[in-house]
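Student: predicted model and sequence follow; I will ask about them next.
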Amino acid sequence: MVSLRAPMIVLLATAVLAGCATSRSGNVYTRDQARQEMSVRTGVVESIRGVTMEGTRSGVGTIAGGAVGGVAGSSIGGGKGQAIGAILGAVAGGVAGQAIEEGTTRKQAMEITVRLDSGQTIAVVQEGDPAEFRAGDRVRLLSSRGETRVSR
């Protein structure tokens with residue numbers, strides 16, 4: 001029975017992690033951003049550079065990995081050995097689960113440097129394909145509550 005439980009927990013953890021992924025694209029808005037006033041500035045793209053956006057570390061991967069590791073580790077030995085195996089399995093699974101969560105939610109992004117019409121130069125990092133913008137493109141920067149996105 002233990003051999004069936006561990007794969008089921010892994011599948012459940014994978015489904016939960018997939019649900020945690022959110023988009024940081026300039027084309028995706030959260031429900032909270034709807035009907036909110038935004039400041040609009042305009043400018044010209046000076047440069048675009050591909051970057052990697054680190055993944056999330058919500059704790060879901062740690063918990064799921066710990067559960068899988070604990071179940072797998074408890075099947076080793078008997079008596080005290082079984083308890084030690086469960087503890088070691090839970091710790092190892094938690095570490096592995098955290099690494100898996102961060103890796104599966106990591107995204108490719110772009111750093112867009114824009115010279116605003118005011119003369120100020122700023123850079124914004126957002127998800128997306130660096131080919132979406134080119135140096136010389138005229139763009140809009142929409143800002144609200146400390147967040148800024150670049151759009152056409």
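Tutor: Yep, it's here.

Student: please parse this protein into its domains.
Tutor: When the chain is parsed with automatic domain parsing, its domains come out as 1-23+55-105, 37-54+107-152.

Student: okay, those domains in CSV with mean neighbour count, distance to Arg31 and mean pLDDT next?
Tutor: For glycine as for every other residue, the C-beta is placed from the backbone atoms N, C-alpha and C. Formatted as CSV, the domains of the chain follow (neighbours: other CB atoms under 10 Å; distance: least, CB to CB, whole Å; pLDDT from 0 to 100):
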stretch, mean neighbour count, distance to Arg31, mean pLDDT
domain 1-23+55-105, 16, 12, 67
domain 37-54+107-152, 15, 14, 93
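
Student: of the ones you listed, which is nearest Thr30?
Tutor: domain 1-23+55-105 (7.9 Å; CB to CB).

Student: any idea where the helices of this protein begin and end?
Tutor: With helices called from DSSP state H, the chain shows them at 2-20, 60-74, 80-105.

Student: who are the packing partners of the longest one?
Tutor: When contacts are defined as 3 or more CB pairs under 8 Å, 6 or more residues apart in numbering; DSSP states H and E, helix 80-105 sits against helix 2-20, helix 60-74.

Student: chain center to stretch 79-94: distance?
Tutor: Here stretch 79-94 is found 29 Å from its chain centre; the criterion is CA atoms, centre = their mean, to the nearest Å.
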